[in-house]
Every structure is written in C-alpha cells, then in structure tokens.
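# this one's structure only:
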C-alpha cells in the first residue's frame, strides 16, 4: 500500500485481508506486486470521489477483482470462450446497472457482464434498485464505478447508453448504442418502462450472442 | 399462489421466476407444491410488515430458499455434517447481521450461518453496514426477517443477542447468550466497539466448533 497515512487501523486490516483474498483467487495468475498495485489504484479511484470512507476497502477489493479478471483476459491468461459485455452509461447508477442485472440474471455463468460510467455516482439509483427487485433481481450490492483501460480492452461487446463522446472506442470490438431515458431523479413508476426497454434489449443481445434464455 | 389479487403483473412474473428457480434448486428434494407453499407463506410474512412492495418477491424468494434449506436438514434430506449456527436478536438489523457476516466471512463454506429477529425491522442498520464494510465485509444484501420453526430446528447452535424471553428454546440444542449493546440509533463510531466484540465472540465460537480461521 502506498498511502499508509490515509488508512485507519480497520482500513489497513481490511486491505490486508483483501490482498490476501485476491492473492488466493489469482494464485498462479498474478503476483502479489500486481495485486497490490491494482488494489491501491482501485482504492485511490474511490478515495478521490465522494465514496463514504467506510466503504473504501470493500469497493477497492471488488473493483480490483474485476480489473484483475479483465487483465487476465487481455493478457490471454484466461480464455474460457465466454463473451464479455460491458455496459456503460453516465453515472453507472441506473441504466448500465439494470442492463448488467438482467444480463447476469438471464445468462448465468454462460457470459460475463461488467458495467461502468463516465461520471460515476456515489450509489446505485434507489428507484432502479426497487424496479429491479420488483422482477426478482437484486442489484443492491452493485456500486457506481468508472471503466478502466483493461476492462474496456477485455470486452467483446461494448454497450453505450448515453455516455456519448465520453464513451471509449477501441478497434476490433462490437459497439452498440442504446438510446434510453436516464432514470436519474425518476420514481419507480417512471423507471419501470425504462427497465422494460432494458430487458427487451438485453434479451435481444443475448439472442444475438447465441445464449438462449 | 393464494393471493393473486395483491400481485401486480411484475410481482406475479417475479414469483413465477422465483418458483422456477427454487424448483430447479430443490429438484428431487421438494415438490412444486411444497415450494409454492413456502414461497407464498414467505411472501405473506413480508407483505404483512412494512417492507417496500417492490422488494416483496425478492425477499420472499430468499426467505423461502433459506427455509427450504432448513427443512431439508430437519427432514434429513440433506446431511453434509456442516454445523448450522443461528444468530438471533430483536430487529435482525444489527447484532445478528454483524455476527452472521463475520461468521460467513471467516468460516466460508465449512459451516452455515442464518439469522433472525423477534421483531424484524425493515432494513439492516446503515451504521452496522458501514462498520462491517470498514473491515471488508459486505452485508448490504441482507434483510431483517423473523425466525421460523424449521430454521430453529435445523440449527445446531442458537446464539441469542438480546431477544430475551422471546428467544425460542428447543431441546437438544446448544444455546449461547451474548450480551451486546444494541446498535440501533448509534453512529458508526459507536457501532465499531460492538462490531469488535461481535468479531471476538464469533472467532471464539468458530474455535469451539473446530473451524480454524
């Protein structure tokens, strides 16, 4: 860790546990220096924003885990043939979280879905959470986050929902632009039709990817 | 389902999906009539309280799942030798959720932990959630719930944290009474020492159960 001064005793303990968890998960894939580097930079990512201090170690661990999985794919250390879809929107709080929720729910372990935002918010939109709960999908554990280079490079399909010019373009990928209303500030009743449109598009994408629902 | 009038189209869909999920998970263990009965009674349990309507199908599915796992143990349909610990407090919002979080985090899949409350609240205490996040444990997906007959009967150890006379007593079980301050209404700073005491007791319990951490 490069920022010992910023850490409380609890945070230091949590980050040590996180480094241990990730070390075991990526044993034989990445060494501890790589894991610490990703954990530290993931921590910095959230520490510089409005994230509640207590959640920093938890989010850093989860974000580092996702990025390490992505890096393992980019470097061909993992090649299981499963398609990777990256859902992007502005805040990674509504549309992209709902899309990822449907995709994971419907695809199970046959494909991989990640999400990110160009200006990540501090929490997943409560109306989006409630509208997904209504159809039995739990996205309460998700959190808004940016995308990173390795995450975009590991994706086979990038679905952009309103991040416009801020969306990353890498050659050799399939891109989709979904035009959907932003649920920011809307109540559950207003989010419901957006959720239905997201579901319709996710089902169509899964069909195109050859993943029967 | 016995209450079609109360269900929106979305809820009916979600409960149908839930019944399908549980049917696959308990295939060969319980028939669809048993699963529907548990799903319906679990739904009723939350519908009669202050639970936000959108979350009812999600919580009903998860509660029914836990109860069916418990029933499978009570009826000796499952006997994997793993100890089951049930953590109980008043609201199932703070102490018992923190204890279950530490237990699952430290025991992994070597033991099973459930929790319940005598007067379940409507959400897990945010200060408890934050104080657990601080040590890298995510309890955001948990929800306050009561205990049920089969859940208590399936437990090998019942740990009671302040539900007093309301706590269930069944013969042939090991009981522990943990005296801990109620985090209800406290901020993260005040919850931290309670969390530390919970961790200490969970580690001692794991040692007694022969589960090295």
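Cool, got the structure. The structure presented is a predicted model; accordingly, all values stated were derived computationally and were not measured.
# Can you give me the end-to-end span of stretch A:206-213?
Using CA to CA, to the nearest Å, the end-to-end distance of stretch A:206-213 comes to 8 Å.
# check whether that stretch contacts chain B.
No. Stretch A:206-213 stays clear of chain B (CB under 8 Å from any CB of the partner chain), getting no nearer than 11.4 Å. No exception for glycine: its C-beta is placed from N, CA and C like everyone else's.
# Tell me which residues are up against that stretch.
For stretch A:206-213, contacts defined as CB atoms under 8 Å, 6 or more residues apart in numbering or on different chains pick out A:83, A:85, A:103, A:106-107, A:110-111, A:157, A:203.
# Would you mind listing which of those residues are buried?
A:83, A:85, A:103, A:106-107, A:111, A:157 (16 or more other CB atoms under 10 Å in any protein chain shown).
# any chance of those in a markdown table, with secondary structure, distance to residue A:22 and pLDDT too?
Shown next, in a markdown table, are the buried ones among the contacts of stretch A:206-213 (DSSP: H, G, I helix; E, B strand; the rest coil; distance: CB to CB, whole Å; pLDDT from 0 to 100):
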| residue | secondary structure | distance to residue A:22 | pLDDT |
| --- | --- | --- | --- |
| A:83 | coil | 24 | 96 |
| A:85 | strand | 23 | 97 |
| A:103 | helix | 24 | 98 |
| A:106 | helix | 28 | 96 |
| A:107 | helix | 25 | 97 |
| A:111 | coil | 23 | 97 |
| A:157 | strand | 26 | 96 |
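# coming back round to it: ok, so of the contacts of stretch A:206-213, who is nearest chain B?
residue A:106 (10.3 Å; CB to the nearest CB).
# how about the strands in chain A?
Taking DSSP state E, the strands of chain A run over residues A:84-89, A:112-117, A:157-160, A:174-177.
# From the contact counts, what lies against the first one?
Just to be clear, that refers to strand A:84-89. Judged by 3 or more CB pairs under 8 Å, 6 or more residues apart in numbering or on different chains; DSSP states H and E, strand A:84-89 is in contact with helix A:95-107, strand A:112-117, helix A:149-154, strand A:157-160.
# If you count contacts, what does the shortest one end up packed against?
Packing partners of strand A:157-160 (3+ CB pairs under 8 Å, 6+ apart): strand A:84-89, strand A:174-177.
# now the angle from the first one to strand A:112-117?
In other words, strand A:84-89. 20 degrees (axes from the mean of the first three to the mean of the last three CA atoms, to 10 degrees).
# Return the list of strands paired to strand A:84-89, each annotated with direction.
strand A:112-117 (parallel), strand A:157-160 (parallel) (DSSP bridges).
# Off-centre distance for the last one?
Averaged C-alpha coordinates place strand A:157-160 at 13 Å from its chain's average position (CA atoms, centre = their mean, to the nearest Å).
# ok, and for that strand, which residues are buried?
A:157-160.
# show me the contacts for residue A:129.
Counted by CB under 8 Å, 6+ apart, residue A:129 has contacts A:139-140.
# And it, how far from residue B:80?
Remark: distance between residue A:129 and residue B:80 (CB to CB, to the nearest Å) = 34 Å.
# Residue A:142 now?
Taking CB to CB as the measure, residue A:142 falls 31 Å from residue B:80.
# My guess is residue A:177 contacts residue A:163. True?
No. If you go by CB atoms under 8 Å, residue A:177 and residue A:163 don't touch, sitting 9.7 Å apart.
# neighbour-wise, which of those two wins?
Between residue A:177 and residue A:163, residue A:163 has the larger neighbour count (other CB atoms under 10 Å in any protein chain shown), namely 21 against 12.
# tell me the contacts of residue A:87?
Residue A:87 neighbours (CB under 8 Å, 6+ apart): A:95-97, A:99-100, A:103, A:113-116, A:159, A:161.
# Rebuild those residues as a markdown table, extending it with distance to residue A:10.
Formatted as a markdown table, the contacts of residue A:87 follow (distance: CB to CB, whole Å):
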| residue | distance to residue A:10 |
| --- | --- |
| A:95 | 34 |
| A:96 | 31 |
| A:97 | 28 |
| A:99 | 34 |
| A:100 | 30 |
| A:103 | 34 |
| A:113 | 32 |
| A:114 | 28 |
| A:115 | 28 |
| A:116 | 28 |
| A:159 | 37 |
| A:161 | 37 |
